[in-house]
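Trainee: No letters, just coordinates:
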Ligand SMILES: CCCCCCC/C=C/C(=O)SCCNC(=O)CCNC(=O)[C@H](O)C(C)(C)COP(=O)(O)OP(=O)(O)OC[C@H]1O[C@@H](n2cnc3c(N)ncnc32)[C@H](O)[C@@H]1OP(=O)(O)O
């Protein structure tokens, strides 16, 4: 019989004191990243939240691929990087198979290659590298931007409620916002500088928001927190590249590749500051970079992604009943 491999990690003493009930646990660990083991180095993953594009969420595929890779390495190594290509759209109607190749095991580093497969064809190719913890006399990092704490900011849902209360809101925009509210995305977000609701001002391609997994994960296995961070890091990343173009509506937005480097331990169920920026767009593609900060200022992870950006010029305001352009 197939066994589940990841979500139910053991609790440390601080967690057991809290006696976390099953329904308070993050769906990311109880379901999304809890793969079914079919055979040695072969796993099956199912879906939770599917974006309105009806193609599988890239972060889910990366997170699941990393769970599969992490199952094949020892307990004393940590994931330090991953590099993925999204080669086909994922179909939400069927599960995804994850096939792990044990590329190399060295004294310090282990490399794994994972193929995510649907209908016999790869949808994602992922290389993940693991490293045993080693001391280093060289240590530096950038400084975390100074921002208000998450407790002082509105959640994504509260912001949507605020937008819904605007009297001149166009019916189509209202429908879109209500759909967003109904989405069961398993992560929480608190934007530091939410974009102007009417989106008529070009902005610098930079964002700052607090983010964490919804529900409890516990201290547990650091590798699982990296899998959750991989999921989280893809959610509102590529859209950073659209901020300078308020007169354009995205008709097709999809990540082509995604890379991450993990620097320090963190808990993905605690608030982290996600700092994203886009250094370049052109040729219907955009490049974004991101940094995930622990709230104590420690740099937890860095990310980079390129995506396809196909857009259409807006002729009227998408959000109000008035003409805009
Ligand atoms: C604030 C909250 C936001 C939450 C949203 C979360 C954001 C999440 C994003 C994601 O998760 S993206 C998911 C992960 N990434 C992917 O699924 C990408 C997977 N890769 C691919 O699908 C393909 O590699 C590709 C990028 C589509 C490859 O493109 P290619 O052009 O080589 O493939 P085709 O099969 O030929 O075409 C696909 C599609 O695109 C149309 N098309 C192709 N070229 C052009 C063009 N020059 N101009 C316009 N359209 C083009 C083509 O006609 C096909 O369209 P359909 O027939 O499918 O309609």
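Mentor: Done, it's in. Given the structure is predicted, the values throughout are model-derived calculations rather than measurements.
Trainee: Tell me where the stretch 151-300 of the chain has strands.
Mentor: Ranges of strands within the stretch 151-300 of the chain are 187-191, 206-213, 248-262, 272-282, 285-294, 299-313, based on DSSP state E, counting those that start in this stretch.
Trainee: The ligand is nearest to which of those?
Mentor: The ligand lies closest to strand 248-262 among these, at 3.9 Å (Cβ to the nearest ligand atom). For glycine as for every other residue, the C-beta is placed from the backbone atoms N, C-alpha and C.
Trainee: can you list the strands of the stretch 151-300 of the chain in TSV and add distance to the ligand and mean pLDDT?
Mentor: Listed next are these as TSV, based on distance: least, Cβ to the nearest ligand atom, whole Å; pLDDT from 0 to 100:
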stretch	distance to the ligand	mean pLDDT
strand 187-191	8	96
strand 206-213	10	98
strand 248-262	4	96
strand 272-282	11	98
strand 285-294	10	98
strand 299-313	5	97
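Trainee: and the residue of the chain found nearest the ligand, how many neighbours?
Mentor: With Cβ to the nearest ligand atom as the measure, residue 58 is the residue of the chain nearest to the ligand, at 3.1 Å. The burial count assigned to residue 58 is 29, neighbours taken as other Cβ atoms under 10 Å.
Trainee: Redo the strands of the stretch 151-300 of the chain as a markdown table? Include distance to residue 28.
Mentor: Formatted as a markdown table, the strands of the stretch 151-300 of the chain follow (distance: least, Cβ to Cβ, whole Å):
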| stretch | distance to residue 28 |
| --- | --- |
| strand 187-191 | 8 |
| strand 206-213 | 5 |
| strand 248-262 | 16 |
| strand 272-282 | 14 |
| strand 285-294 | 15 |
| strand 299-313 | 16 |
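Trainee: can you list those strands in TSV and add distance to residue 131 and mean neighbour count?
Mentor: Formatted as TSV, the strands of the stretch 151-300 of the chain follow (distance: least, Cβ to Cβ, whole Å; neighbours: other Cβ atoms under 10 Å):
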stretch	distance to residue 131	mean neighbour count
strand 187-191	27	20
strand 206-213	24	21
strand 248-262	9	17
strand 272-282	21	19
strand 285-294	18	21
strand 299-313	14	19
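Trainee: Which residue lies nearest the spatial centre of this protein?
Mentor: residue 232 (2.4 Å; Cα atoms, centre = their mean).
Trainee: show me what contacts it?
Mentor: Counting by Cβ atoms under 8 Å, 6 or more residues apart in numbering, residue 232 touches 59, 187, 211-213, 268, 272, 274, 292.
Trainee: and what of residue 98?
Mentor: Going by Cβ under 8 Å, 6+ apart, residue 98 touches 35, 42-45, 64-65, 67-68, 114-117.
Trainee: contacting residues around residue 50?
Mentor: With Cβ under 8 Å, 6+ apart, residue 50 has these contacts: 56-57, 92.
Trainee: Which residues outside the strand or helix carrying residue 124 are in contact with it?
Mentor: According to DSSP states H and E, residue 124 maps onto strand 121-132. Contacting residues not belonging to strand 121-132 are listed as 56, 58, 61-62, 65-66, 69-70, 73, 76-90, 96, 103, 108-117 [Cβ under 8 Å, 6+ apart].
Trainee: try it again with 7 Å
Mentor: The set of residues external to strand 121-132 that reach it, using Cβ atoms under 7 Å, 6 or more residues apart in numbering, is 61-62, 65-66, 69, 73, 76-88, 90, 96, 108-117.
Trainee: quick one: that strand near the ligand?
Mentor: No - residues of strand 121-132 contacting the ligand under Cβ under 6 Å from any ligand atom: none, with a closest distance of 6.9 Å.
Trainee: Now do the same contact list for residue 108.
Mentor: 131-132, 134.
Trainee: could you redo the last one with a cut-off of 6 Å?
Mentor: Neighbour list for residue 108: residue 132 [criterion: Cβ atoms under 6 Å, 6 or more residues apart in numbering].
Trainee: same question, the one 5 residues further on
Mentor: The contact partners of residue 113, by Cβ under 6 Å, 6+ apart, come to 101, 103, 127.
Trainee: hmm, try it at 8 Å
Mentor: 100-101, 103, 125-128.
Trainee: Same question for residue 112.
Mentor: Going by Cβ under 8 Å, 6+ apart, residue 112 touches 69, 72-73, 100-103, 127-130.
Trainee: List only those of the residues you listed flagged as buried.
Mentor: With burial judged by 16 or more other Cβ atoms under 10 Å, the buried subset of those is 69, 72-73, 100, 127-130.
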